[in-house]
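Q: my questions concern the predicted model and sequence given below.
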Amino acid sequence: MKGRLLISTIMIGLVSCQSKQQATGTVSTIDSTLQTNATAILGSKLSEINAQSGQVIVMEVQTGQIKALVGLTRKDSTNYQPCENFSVWQSTGLMHPISLLAALETGKVKLSNKVDTGNGIYQVHGRELKDHNWHRGGYGELTVQEGLAVSSNIAIYKTMEKAFGNNPQAYFDLLANMSYGKPDSITGIANLQPAHIVTPKDNNWTKTAFVWSSIGYNQHVSPIQILTFYNAIANNGKMIQPQLYKDSVVVINPQIASRVSIDSLKKALVFNVTDGLGQPAKSDKVLVAGMQGTSSLSTNEDSTKDMYAVEFCGYFPTDNPKYSIIVSINKAGLPTSGELMAGDVFKKIVGLLFPY
């Protein structure tokens, strides 16, 4: 009965939205059947893992048209209700591929380069940078591609060190040139703001910011902005403005990075799903590419109350991408797993879209 009530509420919202569109003469890009089914899938997962809230956004790669825009949040101890706040600012666990793309652009690193992650704990600027398996002794030596596929913070950061050396400002400049954090606004989505990365001009602070920003911290970004960047990767480097109303395609950036760098990263994102931690997102119908991630959103003395974002973002089919999808879930306490929690939702959404 609760599930029926939830879907009824969503359909009422969609009818209301469609009525507004008719009144203004605009036509929605939303596929109402996909919206309803994606909402049911997300709601089921939120309930299963006792999460606080979640988002699923499905976008057409070449047009930027948003086919599903689902937001759910817990209103009381048991029920999840639609939430229209898609401008949530927070850290992200999906930064690794974005940072790697910037590193590849320098020409100083390749996917085949070796990187030593040691025992999973790396001392940098007086703080410990840890991999998720540090308590099991770390991953040791990996290729850059393998480091991405096991979500190694140390592998990514050491790659960034090699690429940018003592000039971290060059990293932040590259992110800006790649239009990271765009768009600033989307018609129909309230209060969307440009992504904000803490980049003080003091050199010591910049070096510290470089460490944590490269793995998704020290910044505020919304899931739809992360999706926009991944969609650009799927689109061979062309960044398209997401849109909720059918209109002409708007290009934010015609080429965020070189095709050589984009092609390398696309290869790594496929490898992550076929051979890495992203395997729970693997579809038995079509080859997909993507990345999982988990980030801490708060720090409390009671770790059971810490809030985490578990995410998966990707696209399919890999040879000629049609759709890009992001799943972002916020939950309190452990366990957390971007691949098992968000990746499973991603896989089911892909199932809804196939045959596309």
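A: Good, I have the coordinates. If you're wondering where the values come from, they're calculated on a predicted model, not measured in any experiment. Residues are numbered from 1 along each chain as shown.

Q: and Q55, that one's in a strand?
A: Yes - checked against DSSP: H, G, I helix; E, B strand; the rest coil, Q55 lies within a strand.

Q: that one touches F312, doesn't it?
A: No - taking C-beta atoms under 8 Å as the definition, Q55 is not a contact partner of F312, at 11.6 Å. For glycine as for every other residue, the C-beta is placed from the backbone atoms N, C-alpha and C.

Q: mind listing the shared neighbours of these two?
A: Common neighbours of Q55 and F312 (criterion: C-beta atoms under 8 Å, 6 or more residues apart in numbering): I326, V327.

Q: give me the more crowded residue out of the two.
A: Each of Q55 and F312 has its neighbours counted (other C-beta atoms under 10 Å); F312 has more, 31 against 25.

Q: need the nearest residue in space to G137, chain neighbours excluded.
A: With C-beta to C-beta, 6 or more residues apart in numbering as the criterion, G137 has its nearest non-adjacent residue at 5.5 Å, and that residue is N119.

Q: wait, isn't the one you found in contact with E141?
A: No - N119 lies out of contact with E141 (C-beta under 8 Å); the separation is 11.8 Å.

Q: of the two, give the one with the bigger neighbour count.
A: More neighbours surround N119 than the other of N119 and E141, with 16 against 12 (other C-beta under 10 Å).

Q: quick one: the more buried one is in a strand?
A: No - residue state for N119 (three-state DSSP) corresponds to coil; a strand is not indicated.

Q: which helix or which strand is home to T73?
A: Using DSSP states H and E, T73 falls within strand 66-74.

Q: avg pLDDT for whatever helix or strand comes next after that strand?
A: Sequence-wise, the next helix or strand downstream of strand 66-74 (DSSP H and E) is strand 80-82. What strand 80-82 shows for mean pLDDT is 94.

Q: how about N272, secondary structure?
A: helix.

Q: that one against A289, yeah?
A: Yes - in this structure, N272 is within contact of A289 by C-beta under 8 Å, at 7.4 Å.

Q: burial measure for Q169, as a count.
A: So Q169, with other C-beta under 10 Å, has 16 neighbours.

Q: can you give me phi and psi for it?
A: Dihedral angles of Q169 (phi, psi; degrees, to the nearest 10) stand at phi -60, psi -30.

Q: just the pLDDT at it, thanks.
A: 89.

Q: just D76 next, same as before
A: Value for D76, per-residue pLDDT: 74.

Q: that one: neighbour count?
A: By other C-beta under 10 Å, the residues close to D76 number 7.

Q: relative to S298, how far out is it?
A: Separation of D76 from S298 (C-beta to C-beta, to the nearest Å): 21 Å.

Q: go on, R259?
A: Distance, R259 to S298, using C-beta to C-beta: 40 Å.

Q: ends of stretch 194-210, what's the gap?
A: 19 Å (C-alpha to C-alpha, to the nearest Å).

Q: with stretch 105-112 instead?
A: In stretch 105-112, first residue to last residue: 15 Å (C-alpha to C-alpha).

Q: tell me which residues in it are buried?
A: Neighbour counts over stretch 105-112 (16 or more other C-beta atoms under 10 Å) mark E105, T106, V109, L111 as buried.

Q: who does the strand holding T73 touch, helix- and strand-wise?
A: If you count contacts as 3 or more C-beta pairs under 8 Å, 6 or more residues apart in numbering; DSSP states H and E, strand 66-74 packs onto helix 32-49, strand 53-60, strand 80-82.

Q: switch those over to TSV; also include distance to G343.
A: Listed next are these as TSV, based on distance: least, C-beta to C-beta, whole Å:
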stretch	distance to G343
helix 32-49	10
strand 53-60	12
strand 80-82	20
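
Q: out of these, flag the one nearest N235.
A: strand 53-60 (10.0 Å; C-beta to C-beta).

Q: name the helices or strands packed onto the host helix or strand of N231?
A: According to DSSP H and E, N231 maps onto helix 223-234. The contact analysis (3+ C-beta pairs under 8 Å, 6+ apart) places helix 223-234 against strand 53-60, helix 96-105, strand 239-240, helix 259-275, strand 289-296, strand 307-316, strand 323-332.

Q: for I41, which of those is the nearest?
A: I41 lies closest, by C-beta to C-beta, to one member of the helices and strands packed on helix 223-234: strand 53-60, at 7.5 Å.

Q: who's in contact with the closest one?
A: Contacts for strand 53-60 (C-beta under 8 Å, 6+ apart): 29, 34, 38-39, 41-42, 45-46, 65-74, 83, 86, 88, 223-224, 227, 231, 242, 322-330, 345, 349, 353.

Q: that strand pairs with which strands, and in what direction?
A: strand 66-74 (antiparallel), strand 323-332 (antiparallel) (DSSP bridges).

Q: with respect to G278, which of the ones you listed lies nearest?
A: So among these, strand 323-332 is nearest, using C-beta to C-beta, at 12.2 Å.

Q: got the CA coordinates for the helix or strand following the closest one in PDB?
A: Sequence order places helix 343-353 as the next helix or strand after strand 323-332, per DSSP H and E. Only the C-alpha atoms of helix 343-353 are listed here, as PDB (Å, rounded to 0.1, in the frame of the first residue of the first chain):
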ATOM      1  CA  GLY A 343      25.500   0.600  -8.800                       C
ATOM      2  CA  ASP A 344      22.700  -1.900  -8.300                       C
ATOM      3  CA  VAL A 345      20.100   0.900  -9.000                       C
ATOM      4  CA  PHE A 346      22.100   2.000 -12.000                       C
ATOM      5  CA  LYS A 347      22.000  -1.600 -13.400                       C
ATOM      6  CA  LYS A 348      18.200  -1.800 -12.900                       C
ATOM      7  CA  ILE A 349      17.700   1.600 -14.600                       C
ATOM      8  CA  VAL A 350      19.800   0.300 -17.600                       C
ATOM      9  CA  GLY A 351      17.400  -2.600 -17.700                       C
ATOM     10  CA  LEU A 352      14.500  -0.300 -18.000                       C
ATOM     11  CA  LEU A 353      16.100   1.600 -20.900                       C
END
